[in-house]
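Peer 1: please work out how this folds:
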Amino acid sequence: MARDTLRRWRRRIYEILERGSAADRATTVLERALIVLIVLNLIAVALESVPALAARYGRWFDVIEIFSLVVFTAEYALRLWVAVEHPPYRHLRHSVARWRYAASPAGLVDLVAVAPFWFAFAIPDPLRVVLVFRFVRFLKVARYSPAMRSLLDVIYRERRALFGCFAILFGTALVCAALMYLAERHVQPEKLGTIPDAFWWSIVTLSTIGYGDVVPITPLGKLIAMGSVLLGMIMIALPVGIIATAFAEQIHRRDFVVTWGMIARVPLFAELDAAEIASIMEMLRARVAEAGQVIVRKGEAAHSMYFVAAGEVEIELKTKRVRLGIGDFFGEMAVLRKERRTATVRALARTSLLVLDAQDLHTIMQRDPRVAGRIKDVVERRQKEFARKGDIAAAEVR
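Peer 2: Below is the predicted model of the structure:
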């Protein structure tokens, strides 16, 4: 019994730490608290380097550091304990699973965020520079930020293309350095007298920074510099373009999967195949409703059906109020029956909606008789079902 209880607690802590559910309030509170603590910690580290602030607020900086160490150490210990619940490690012995986590990139970041600083007081003053590694804690934000995780995934996925870009940049820098050395070695021997010296100028120029500490004097050197600047613009654009394109594709894929899942959950479209669902997705448009805004009003003509992409809405029925969240939908039956709304729907928070207009839905049905037939069959079945139950209002908002 005690072992089962311990296992349930371990599973629950794993779900909280690893975001088992986006709707889990404990997970959301923990993530936001840790992000605030990380940001506060980084600000304190930066301000502590200012002698006047360190002398005046040193005690508060120490309090923030000690509190952060305790929290991050507890988090690291809990992550080690629950590592056995991680799907890839469940078939391993507990000790092996925990070692796998500790040796993973995320585990190493968590370790570096705490381990060196428990021994800070034992470190000699000349070595206390190691405390600057507190900035490593910034990497922990990636664990709690979907955007940063997506960006890191993109960089990892495009690592070969990025490596190719940097290899080309390095080779180009060498060539430009060699040319500048040949052009300027006699007139500026102290700055461009060797290829390694010229390589510094080449890297600075190709990166478009241009410190101005080394500039060509001869006409040939200036011509080489002009070519280097133009090449530098191309070199910088390559990795930026690769990452930007891949990141946009990542976001598009994620939105595509989320939207597909929402549409496939609608009973009206559940029997449609992939091509038919894709044709519906092309018709969707975005809409944002602010908190308290009425999305549809009882008695209005039904012109659209809605999918909740983010936020929450409340449906005001005759006998109760119903809340819908991410992935839910409403309004499809009234659209197809061409009737008026039987309930008012109001946004409880800032809500992102995907809207499918009735005209677009009917266009799809006219364009593809198979889709029209399937949708009409579903509508007839649902009308009979809700007529039998006497719950037509519920049908409207499902």
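Peer 1: so how far is residue 47 from residue 58?
Peer 2: Applying C-beta to C-beta, to the nearest Å, the value for residue 58 to residue 47 is 10 Å. All C-beta atoms are positioned from the backbone trio N, CA, C, and that covers glycine.
Peer 1: neighbour count: the two, which is higher?
Peer 2: Ranked by neighbour count (other C-beta atoms under 10 Å), residue 58 and residue 47 place residue 47 first, with 14 against 11.
Peer 1: please give the element, helix or strand, for that one.
Peer 2: Assigning secondary structure by DSSP states H and E places residue 47 in helix 25-48.
Peer 1: who does that helix touch, helix- and strand-wise?
Peer 2: helix 2-17, helix 51-82, helix 141-144 (3 or more C-beta pairs under 8 Å, 6 or more residues apart in numbering; DSSP states H and E).
Peer 1: now, of those, which is deepest in the fold?
Peer 2: Comparing these by mean neighbour count (mean count of other C-beta atoms under 10 Å), helix 141-144 comes out on top with a mean of 17.
Peer 1: next SSE after that helix?
Peer 2: helix 146-157.
Peer 1: poorly predicted segments of the stretch 51-200 of the chain, please.
Peer 2: Scanning the stretch 51-200 of the chain with the threshold set as pLDDT under 70 gives 116-117, 119-137, 141-147.
Peer 1: in the stretch 201-350 of the chain, which spans are strands?
Peer 2: 285-289, 294-296, 304-310, 313-316, 321-324, 329-330, 344-347 (DSSP state E, counting those that start in this stretch).
Peer 1: I'd like the distance between residue 149 and residue 156.
Peer 2: 11 Å.
Peer 1: I meant to write residue 201 there.
Peer 2: Distance from residue 201 to residue 156, by C-beta to C-beta: 33 Å.
Peer 1: tally up the residues packed near residue 44, please.
Peer 2: 19.
Peer 1: check contacts around it.
Peer 2: Contact analysis of residue 44 by C-beta atoms under 8 Å, 6 or more residues apart in numbering lists 60, 61, 64, 65.
Peer 1: pull the contacting residues for the third one.
Peer 2: Right, residue 64. Going by C-beta under 8 Å, 6+ apart, residue 64 touches 40, 41, 44.
Peer 1: cool, and residue 84?
Peer 2: Residue 84 makes contact with 10, 90, 92, 94, 97, 98, according to C-beta under 8 Å, 6+ apart.
Peer 1: at 6 Å instead, please
Peer 2: When contacts are counted by C-beta atoms under 6 Å, 6 or more residues apart in numbering, residue 84 touches 94, 97.
Peer 1: still on that earlier bit, what is the nearest of the contacts of residue 64 to residue 320?
Peer 2: residue 40 (43.2 Å; C-beta to C-beta).
Peer 1: which of the contacts of residue 64 scores worst on pLDDT?
Peer 2: pLDDT across the contacts of residue 64 is lowest for residue 41, at 81.
Peer 1: now it, nearest residue through space, not along the chain?
Peer 2: The shortest distance from residue 41 to any non-neighbouring residue, by C-beta to C-beta, 6 or more residues apart in numbering, is to residue 68 (4.7 Å).
Peer 1: and that neighbour, how far is that from residue 57?
Peer 2: Going from residue 68 to residue 57 by C-beta to C-beta gives 16 Å.
Peer 1: can you check residue 99 too?
Peer 2: Distance of residue 99 to residue 57, given as C-beta to C-beta: 40 Å.
Peer 1: residue 228: neighbour count?
Peer 2: Using other C-beta under 10 Å: residue 228 sits among 24 other residues.
Peer 1: residue 176 is in contact with that one, correct?
Peer 2: Yes: counting by C-beta atoms under 6 Å, residue 228 touches residue 176, with 4.6 Å between them.
Peer 1: I'd say residue 214 and residue 201 touch.
Peer 2: Yes: taking contacts as C-beta under 6 Å, residue 214 lies within contact range of residue 201: 4.4 Å.
Peer 1: so where is the stretch 201-350 of the chain shaky, pLDDT-wise?
Peer 2: Within the stretch 201-350 of the chain, the stretches with pLDDT under 70 are 257-258, 262, 265-272.
Peer 1: where along it do the helices fall?
Peer 2: All helices of the stretch 201-350 of the chain, identified by DSSP state H, counting those that start in this stretch, fall at 219-265, 274-281, 332-337.
Peer 1: need the phi and psi values for residue 302.
Peer 2: Main-chain torsions, residue 302, degrees, to the nearest 10: phi -90, psi 120.
Peer 1: so what's it closest to, chain neighbours aside?
Peer 2: Leaving aside its sequence neighbours, residue 302 sits nearest to residue 334 (C-beta to C-beta, 6+ apart; 3.7 Å).
Peer 1: ditto for residue 332
Peer 2: Leaving aside its chain neighbours, residue 332 sits nearest to residue 305 (4.1 Å; criterion: C-beta to C-beta, 6+ apart).
Peer 1: what is the neighbour count of residue 43?
Peer 2: The burial count for residue 43: 11, using other C-beta under 10 Å.
Peer 1: can you tell me how far it is from residue 345?
Peer 2: 42 Å.
Peer 1: could you do residue 7 as well?
Peer 2: Here residue 7 is placed at a distance of 42 Å from residue 345 (C-beta to C-beta).
Peer 1: buried residues, the helix holding residue 47. List them.
Peer 2: In terms of neighbour count (16 or more other C-beta atoms under 10 Å), helix 25-48 has its buried residues at 27, 30, 31, 34, 37, 38, 41, 42, 44, 45, 48.
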